[in-house]
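**Student:** With the sequence up front, the predicted model follows.
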Amino acid sequence: MHLVWIALKALLTGGFTLWVAIASAATAGGDGIYSCTDASGRRLTSDRPIPECTAREQRVLNHDGSVQRVVPPTMTADERADYEALQQRLAAERRSQADGVRRDRNLLARFPTEAAHAKARAAALDDIRASMRASEARLKTLAADRKPLLSEAEFYVGRQMPALLKQQLDANDATTEAQRALVQNQQIEIGRINASFDIELARLRKLWAGAAPGSLGPLEAVPTPSAPKH
């Protein structure tokens, strides 16, 4: 009886080993069965990719006939270039969208209320307005300095003006012109700052009203301010 059991166990063990070997072979027996229909309408099958169907879709079948995956047609060089260009464009659009979401969230974090935005605008304008006031004061001083020089120059009408007096008048003229140009640039900068804050505020009002970050498109460019008219 004991010998019979040993023989039976050996048979069962051997059978199990054989079954494992068969299953392993089936699993390792390649990537599956490739199947396609060629340009002539013939149904082709192979245990590897089918050269006649490189320009057509190929199905990879499991050993039970179920579809494991679908292999798309092989692209031509031009198709590959178009595909890669498309992927690059889509990736750029995804990056742009992510940047838009991040920018809008940062904007909301900086300015949770309209009062916070107005305070930031005032702070941004303070420095440039202080500089502008200093430039305007300098212009008044230059104008005051010019008066006695002009009075002195009246004595030399029709005669050659002393070199020192001419140098003083020329220096006053040059400094006055530089200060006027500086005031003009400061006025332009005030306009640019206000335009930038106006664009931000218009966007923030939409975000405060519930617009999703990144849904409003690119931030509008700040227009180039023109020189103020006098």
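**Tutor:** Everything's here; your move. Numbers count the residues shown, from 1 in each chain.
**Student:** CA atoms for contacts and neighbours, from now on please.
**Tutor:** Will do.
**Student:** Now the residue minimising distance to the centre of the chain, what are its backbone angles?
**Tutor:** Most central in the chain under CA atoms, centre = their mean is Ser96, positioned 4.0 Å from the mean C-alpha point. Main-chain dihedrals, Ser96, degrees, to the nearest 10: phi -60, psi -40.
**Student:** need the contact list for Val71.
**Tutor:** Applying CA atoms under 8 Å, 6 or more residues apart in numbering to Val71 gives the contacts Glu57, Gln58, Arg59, Val60.
**Student:** any idea how far the first one is from Leu86?
**Tutor:** Relative to Leu86, Glu57 is positioned 21 Å away (criterion: CA to CA, to the nearest Å).
**Student:** Also the last one?
**Tutor:** In this view, Val60 and Leu86 are 27 Å apart by CA to CA.
**Student:** still on that earlier bit, comparing Glu57 and Leu86, which residue is more hemmed in?
**Tutor:** Glu57 (16 against 12; other CA atoms under 10 Å).
**Student:** State the phi and psi torsions of the more buried one.
**Tutor:** Here Glu57 shows phi and psi, under degrees, to the nearest 10, equal to phi -70, psi 140.
**Student:** quick one, phi psi at Arg43?
**Tutor:** Dihedral angles of Arg43 (phi, psi; degrees, to the nearest 10) stand at phi -90, psi 120.
**Student:** and the helix or strand hosting Ser131, which residues are buried?
**Tutor:** Using DSSP states H and E, Ser131 maps to helix 114-153. Under the neighbour-count criterion of 16 or more other CA atoms under 10 Å, helix 114-153 has His117, Arg121, Ile128, Arg129, Met132, Ser135, Glu136, Arg138, Leu139, Leu142, Arg146, Ala153 buried.
**Student:** mind checking pLDDT for the fourth one?
**Tutor:** If I follow you right, that is Arg129. Arg129 carries a pLDDT value of 95.
**Student:** And it, how far from Ile188?
**Tutor:** 11 Å.
**Student:** Check the third one too.
**Tutor:** In this structure, Ile128 lies at 10 Å from Ile188, with CA to CA as the measure.
**Student:** which residue ranges form the helices in the chain?
**Tutor:** 2-28, 77-110, 114-153, 163-208 (DSSP state H).
**Student:** Including distance to Ser215, could those helices go into TSV?
**Tutor:** Below are these laid out as TSV (distance: least, CA to CA, whole Å):
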stretch	distance to Ser215
helix 2-28	49
helix 77-110	8
helix 114-153	20
helix 163-208	9
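**Student:** Nearest to Pro51, out of those?
**Tutor:** Pro51 sits nearest to helix 77-110 of all these, at 17.1 Å, using CA to CA.
**Student:** Would you mind giving the orientation angle of the closest one with respect to helix 114-153?
**Tutor:** Counting by axes from the mean of the first three to the mean of the last three CA atoms, to 10 degrees, helix 77-110 lies at 90 degrees to helix 114-153.
**Student:** in helix 77-110, what's buried?
**Tutor:** Neighbour counts over helix 77-110 (16+ other CA under 10 Å) mark Gln97, Gly100, Val101, Arg103, Asp104, Arg105, Leu107, Leu108 as buried.
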